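Enquirer: here's my sequence, what's the structure:
(one chain, ligands or ions: 2)
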Amino acid sequence: MEQLSFFDGGGQAPKLPSELMDYRPGFFTRDESDDLMQRLKATIQWKQETIQMYGRLLNTPRLTAWYGDNSKTYAFSGKKYDPYPWTPELLLIKQRVDEAAGITFNSVLLNDYRNGNDSVAWHADDEPELGLNPIIASVSFGQVRRFDVRHKQNHKLKYSVELEHGSLLIMKGDLQHNWEHQVPKSTKAIKERINLTFRVIS
Ligand SMILES: O=C(O)CCC(=O)C(=O)O
Ligand SMILES: [Fe+2]
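Expert: Numbering: from 1, shown residues only. Ligands and ions are numbered 1, 2, ... in the order given. Now for the predicted structure:
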């Protein structure tokens, strides 16, 4: 097993541990990625969800959408979702991702980070219907954003990767069990990013 590195915030980000994450930049070509980003922006039924926090109703800081096989409902942040049926764009992406991961995914959660103010807070995708140590395949289009991973018991154990336009990140091992991840806000004026996380829901 590889030695875990401490991330000091400066210098080079450590190499990603291959038992947790497999990062493939350029999984989709630039032309494919430009085209898919535009099509997803136009065709996905994006929604601004709300979350109950500290007794207040807050807007989720990004737009989301849930697609997949119609029998697979998904409970997320205390709500139940019925997925929309697969679209041609999603099936095209899913086919490539299924092949790369060697898995037939049955659902996808989409996130639209409209600008640097949109983000996802520290969490793990550890809902029971995903099973123990699930494989989740994450596809990114548009603005490069930083994806941080930290160990739940030791926040100094931390990795970061810049998720590029057209990239694939396969999350595996105990990443959803012993680690958590985030996409932090950015104070810079940055563009839109769309992320898709393909999952197997039981
Ligand atoms: O946008 C990303 O790269 C991660 C999204 C994520 O963690 C999630 O939807 O559960
Ligand atoms: Fe996640």
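Enquirer: next one: phi and psi at K188?
Expert: As for K188, its main-chain torsions (degrees, to the nearest 10) stand at phi -80, psi 160.
Enquirer: bridging residues for the residue in the chain that ligand 1 sits nearest to?
Expert: At 3.4 Å from ligand 1, N195 is the closest residue in the chain, using C-beta to the nearest ligand atom. For the C-beta atoms, the positions are set from N, CA and C on the backbone; glycine is no exception. Taking DSSP bridges as the rule, N195 bridges to N111, S140.
Enquirer: OK, contacts around it?
Expert: L110, N111, Y113, S138, V139, S140, F141, L163, V183 (C-beta atoms under 8 Å, 6 or more residues apart in numbering).
Enquirer: could you find the closest non-adjacent residue to the third one?
Expert: Right, the one you point to is Y113. Distance criterion C-beta to C-beta, 6 or more residues apart in numbering; nearest residue to Y113, sequence neighbours excluded, is R193 at 4.4 Å.
Enquirer: list the contacts of that neighbour.
Expert: With C-beta under 8 Å, 6+ apart, R193 has these contacts: D112, Y113, S140, F141, G142, Q143, V144, R145.
Enquirer: show me what contacts the fourth one?
Expert: Taking C-beta under 8 Å, 6+ apart, we find F141 in contact with F28, S33, L36, M37, L40, H165, G166, R193, I194, N195.
Enquirer: and the nearest residue to it once chain neighbours are set aside, what element?
Expert: Leaving aside its chain neighbours, F141 sits nearest to M37 (4.0 Å; criterion: C-beta to C-beta, 6+ apart). If you go by DSSP states H and E, M37 is part of helix 30-43.
Enquirer: ok, then the element right after that helix?
Expert: Using DSSP H and E, the next helix or strand after helix 30-43 towards the C-terminus is strand 50-53.
Enquirer: give the pairing partners of the next helix or strand after that next one; include direction for each.
Expert: The helix or strand immediately downstream of strand 50-53 is strand 56-59, counting by DSSP H and E. Paired neighbours of strand 56-59 in the sheet (DSSP bridges): strand 50-53 (antiparallel).
Enquirer: okay, the residue of the chain positioned farthest from its centre: pLDDT?
Expert: Going by C-alpha atoms, centre = their mean, the residue of the chain most distant from its centre is G55, 27.1 Å out. Looking at G55, its pLDDT reads 91.
Enquirer: what of the one 3 residues further on?
Expert: In this prediction, L58 carries a pLDDT score of 93.
Enquirer: how about the closest residue to it other than its chain neighbours, what does it touch?
Expert: Of all residues not flanking L58 in the chain, I51 sits nearest, at 5.5 Å (C-beta to C-beta, 6+ apart). Shown in contact with I51 (C-beta under 8 Å, 6+ apart): L57, L58, N59, T60, S77.
Enquirer: fine, thanks again, bye for now.
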